[in-house]
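Participant: I'll drop the sequence and a predicted model, then ask my questions.
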Amino acid sequence: MSKVTTTTNRWRTVDVVVAAVIAVTFGVIFWAWGLLWDAATPAFAALPATQAIMYGVWLIPAVLGGLVLRRPGAALLCQAAAVTVSALPGNDWNNTILLQGLAPGLGAELAFAAFRYRSFRLPTALLAGALAGLGAALFDFFDADNSGTALGSYRIPFALLTIVSATVVAGLGAGSLTRALARMGVLARRNRETNRWRTVDVVVAAVIAVTFGVIFWAWGLLWSVAAPVFAFFPPAQAIMYGVWLIPAVLGGLVIRRPGAALFCEMVAAIVSTLLGSEWGSITILQGLAQGIGAELAFAAFRYRSFRLPTALLAGALTGLSAALFDFFVWNSEYALGGYRIPYALLTIASATAIAGFGAENLTRALARTGVLDLFPAGRERTTI
């Protein structure tokens with residue numbers, strides 16, 4: 001049997017970043033899909049097993065990860081990580097959901113391994129979807145929660161419909177999504193040298209992250225003090241939100257490496273948590289979500305555009321990810337029209353203005369001082 005080349009096996013920084021983006025994005029989708037699953041259950045009351053036609057959505061990251069990353073372990077990692085993310089805000093399926101993420105991930109991984117990670121066409125995607133569905137079906141078939149259900153009228157048809165749904169939705173769907181992303185240029189390969197992090201990149205990213213981690217902690221104190229000022233319309237306090245999102249955009253503009261936006265935002269969140277953030281350790285997950293938003297903006301331009309429009313898009317997307325996180329985690333008990341929607345819209349506006357426009361201007365200012373001369377942003381200062 002011929003070996004897969006070392007280059008094919010080796011995970012790059014950009015692979016890890018893209019895997020994280022897929023996992024977190026679908027982790028949020030999983031959580032929301034779980035709510036929709038519960039709401040839709042009465043519609044399947046006549047034949048409960050037929051609700052399995054909705055199952056395929058939960059298996060997309062296993063196939064998508066394998067098709068996009070094309071690395072051993074990608075399918076398993078994306079599926080297991082997405083399920084882990086979905087479990088963090090809380091769900092109705094307790095901790096067994098984490099084990100449940102491994103079963104379909106392993107199924108999809110077997111499909112790609114069967115072709116020695118060399119075939120990523122539609123037949124492979126369909127097989128990966130079918131095997132992911134088989135893994136999920138077997139898990140549910142023997143799960144203790146289903147042990148009391150009828151074999152012929154529920155467990156067997158539910159398992160079969162799960163496999164069909166996985167083949168169509170996860171297999172065909174992930175294949176089509178991969179093709180669409182490729183046509184957009186999002187998946188185009190970049191020069192290896194521009195992907196590689198240098199020591200100075202890591203040092204400067206750490207400086208940005210730690211500096212803003214301290215600012216985050218202080219801004220949290222100011223946020224609490226300023227709350228009474230917005231008593232007339234509490235959602236209006238979201239105009240202050242953008243400060244918490246600056247390192248995501250600034251890191252991307254200065255470092256210009258895959259993962260820089262995510263790294264700076266998440267590490268800043270970790271630092272603020274260690275300093276005693278009043279919102280606790282969930283701030284770290286929040287930082288991850290916010291960093292991914294900005295990372296998507298830079299990835300959309302294949303890490304080749306770092307002008308104002310890109311910075312504004314990065315600010316808007318990190319604001320969108322922050323708004324979605326708060327919408328479902330922090331603000332779920334508040335009125336939809338009177339608080340959650342205006343708060344979300346103002347968060348995005350604040351992020352676009354403060355994190356997007358602000359970080360771009362801060363990058364220009366730093367470039368003029370010469371402190372960024374080791375970076376493209378500094379070398380461009382004469383033409384900015």
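Facilitator: Perfect, thanks for sending it.

Participant: can you give me the strands in the stretch 201-350 of the chain?
Facilitator: Taking DSSP state E, counting those that start in this stretch as the criterion, the stretch 201-350 of the chain contains no strands.

Participant: Does residue 116 belong to a helix, a strand or coil?
Facilitator: State at residue 116, reduced to three classes by DSSP: H, G, I helix; E, B strand; the rest coil: coil.

Participant: mind checking how far it is from residue 55?
Facilitator: Using Cβ to Cβ, to the nearest Å, residue 116 is found at 28 Å from residue 55. All C-beta atoms are positioned from the backbone trio N, CA, C, and that covers glycine.

Participant: more crowded one of the two?
Facilitator: Between residue 116 and residue 55, counted using other Cβ atoms under 10 Å, the more crowded position is residue 55 (24 against 13).

Participant: For the more buried one, give me the pLDDT.
Facilitator: Residue 55 carries a pLDDT value of 95.

Participant: same check, this time on residue 318
Facilitator: Residue 318 is given a pLDDT of 95.

Participant: can you check residue 285 too?
Facilitator: The predicted local confidence for residue 285 is 85.

Participant: Can you give me the neighbour number for the closest residue to residue 56 other than its chain neighbours?
Facilitator: Of all residues beyond its chain neighbours, the one nearest residue 56 is residue 169 (2.7 Å), with distances taken as Cβ to Cβ, 6 or more residues apart in numbering. Counted with other Cβ under 10 Å, residues neighbouring residue 169 total 21.

Participant: so how far is residue 160 from residue 169?
Facilitator: For residue 169, the distance to residue 160 - Cβ to Cβ - is 15 Å.

Participant: Equivalent analysis for residue 139, please.
Facilitator: Taking Cβ to Cβ, one finds residue 139 at 15 Å from residue 160.

Participant: Compare the two and say which is more crowded by neighbours.
Facilitator: Per other Cβ under 10 Å, whichever of residue 139 and residue 160 has more neighbours is residue 139, with 20 against 14.

Participant: Double-check that one against residue 103; I have them as touching.
Facilitator: Yes - in this structure, residue 139 is within contact of residue 103 by Cβ atoms under 8 Å, at 4.2 Å.

Participant: Let me see the contact set for residue 299.
Facilitator: Applying Cβ atoms under 8 Å, 6 or more residues apart in numbering, we find residue 299 in contact with 17-18, 21, 186, 258.

Participant: out of those residues, who has the most neighbours?
Facilitator: Most surrounded of the contacts of residue 299: other Cβ under 10 Å gives residue 258, at 26 neighbours.

Participant: where does that residue fall, phi/psi-wise?
Facilitator: The phi and psi values for residue 258, taken as degrees, to the nearest 10, are phi -60, psi 130.

Participant: Now do the contacts for it.
Facilitator: 13-14, 17-18, 195, 295, 298-299, 303 are the contacts of residue 258 under Cβ under 8 Å, 6+ apart.

Participant: What part of this protein, helix or strand, is modelled with the least confidence?
Facilitator: helix 192-195 (a mean of 52; mean pLDDT, DSSP states H and E).

Participant: for residue 76, what are its contacts?
Facilitator: So residue 76 contacts 62, 102, 105-106, 108-109 (Cβ under 8 Å, 6+ apart).

Participant: Do me a favour and average the pLDDT over stretch 333-350.
Facilitator: Stretch 333-350 comes out with an average pLDDT of 93.

Participant: picking up where we left off before, can I get the contacts of residue 299 in JSON lines with secondary structure, pLDDT and distance to residue 354?
Facilitator: Converted to JSON lines, the contacts of residue 299 look like this (DSSP: H, G, I helix; E, B strand; the rest coil; pLDDT from 0 to 100; distance: Cβ to Cβ, whole Å):
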{"residue": "17", "secondary structure": "helix", "pLDDT": "83", "distance to residue 354": "24"}
{"residue": "18", "secondary structure": "helix", "pLDDT": "85", "distance to residue 354": "27"}
{"residue": "21", "secondary structure": "helix", "pLDDT": "85", "distance to residue 354": "23"}
{"residue": "186", "secondary structure": "coil", "pLDDT": "61", "distance to residue 354": "27"}
{"residue": "258", "secondary structure": "coil", "pLDDT": "87", "distance to residue 354": "24"}
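
Participant: Closest one of these to residue 70?
Facilitator: Nearest to residue 70 out of the contacts of residue 299 is residue 18 (Cβ to Cβ; 10.9 Å).

Participant: mind listing what the closest one touches?
Facilitator: Applying Cβ under 8 Å, 6+ apart to residue 18 gives the contacts 68-69, 258, 299.

Participant: So residue 353 versus residue 49, what's the distance?
Facilitator: Distance from residue 353 to residue 49, by Cβ to Cβ: 51 Å.

Participant: More neighbours: the two, which one.
Facilitator: Taking other Cβ under 10 Å, residue 353 and residue 49 do not tie; residue 49 has more neighbours (20 against 16).

Participant: I am finished for the moment; much appreciated.
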